[in-house]
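Engineer: With the sequence up front, the predicted model follows.
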Amino acid sequence: MGQIIEFPAQASKFGYKRAKKCAKPADDPNQLRLFFQPPAEILNFPSRLSSFEQALMLDEREDVKAAELYLRAIDEGDCVADCYCNLGIIQSKEGNTARAFGSFTSALKHNPGHFEAQFNLGNLYFDVDDFRLAQVHYKIAAEIDPSFPNVYFNLALVEAINSNAKAAVVALATYRRMVSAEEGRNAEKLLESLISSLNKAKHQAKG
């Protein structure tokens, strides 16, 4: 049976990360703001957008049609690993954990070095309380892209849960070097609160 962890208030991990490597940058940086407008009944995509880019636009607007377009892009061989990765996020949000695992795994089959798929698999294992495997995937993700701060915070959490206090401190220190001073202080307080809760749970279990 997995370990039941009662997290202190607000001591949660950073969430899933969409893959966007295949998407072309917008001509106007402000153009991305249009993606968050309510979806219209009829969507006319610019002809220059690939199926993946169309799917990503819908996905960022939380449009349910995004999954269908990701599947179309996969059939077309368009950004297959990214499509599977983003499908996995949609499926995890829908509570379909088994399909989400399958999609993230498929992303890694097409691209073993896919950062977002590794990071998101870590999150999925975290969500099902398999903290050992979450730790493995966060570490792999950090090796693939050591510049992404959120992976170090999530790694610090699972290291603490797995009773690796020193490793948790190291991961948190890396995270703090990459974010603002305020974010770093907040993260340290949350981790301290988590460790305190874990120690309290251990004492209660022994008693």
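Structural biologist: Great, that's in hand.

Engineer: Using the record, which stretches count as separate domains in this structure?
Structural biologist: 43-144, 146-207 (automatic domain parsing).

Engineer: Name the stretch among those that sits most buried.
Structural biologist: domain 43-144 (a mean of 19; mean count of other C-beta atoms under 10 Å). Yep, even glycine has a C-beta here, placed from its N, CA and C like the rest.

Engineer: mean confidence score for that one?
Structural biologist: The pLDDT scores in domain 43-144 average 95.

Engineer: the longest helix in this structure is where?
Structural biologist: Secondary structure of the chain read by DSSP state H shows that its longest helix is helix 181-206.

Engineer: Now do that one: which elements does it pack against?
Structural biologist: helix 149-161, helix 165-178 (3 or more C-beta pairs under 8 Å, 6 or more residues apart in numbering; DSSP states H and E).

Engineer: could you dump these to JSON lines with distance to residue 138 and mean pLDDT?
Structural biologist: Output for those, formatted as JSON lines (distance: least, C-beta to C-beta, whole Å; pLDDT from 0 to 100):
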{"stretch": "helix 149-161", "distance to residue 138": "4", "mean pLDDT": "95"}
{"stretch": "helix 165-178", "distance to residue 138": "8", "mean pLDDT": "94"}
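
Engineer: Same list as before, those that is, but in TSV and with distance to residue 76 included.
Structural biologist: Listed next are the helices and strands packed on helix 181-206 as TSV, based on distance: least, C-beta to C-beta, whole Å:
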stretch	distance to residue 76
helix 149-161	31
helix 165-178	37
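
Engineer: Indicate which one of those is closest to residue 108.
Structural biologist: helix 149-161 (15.8 Å; C-beta to C-beta).

Engineer: Can you check what angle separates the closest one from helix 181-206?
Structural biologist: 20 degrees (axes from the mean of the first three to the mean of the last three C-alpha atoms, to 10 degrees).

Engineer: Pull the residues that contact helix 149-161.
Structural biologist: 3, 5, 11, 13-14, 17, 119, 122-123, 126, 131, 134-135, 138-139, 141-142, 145, 165, 167-169, 171-172, 174-175, 178-179, 187, 191, 194-195, 198 (C-beta atoms under 8 Å, 6 or more residues apart in numbering).

Engineer: Quick one: closest of the domains of the chain to residue 21.
Structural biologist: Among these, the nearest to residue 21 by C-beta to C-beta is domain 43-144 (6.0 Å).

Engineer: centre of the chain versus the closest one, how much separation?
Structural biologist: Centre-to-centre, domain 43-144 and its host chain are 9 Å apart (C-alpha atoms, centre = their mean, to the nearest Å).
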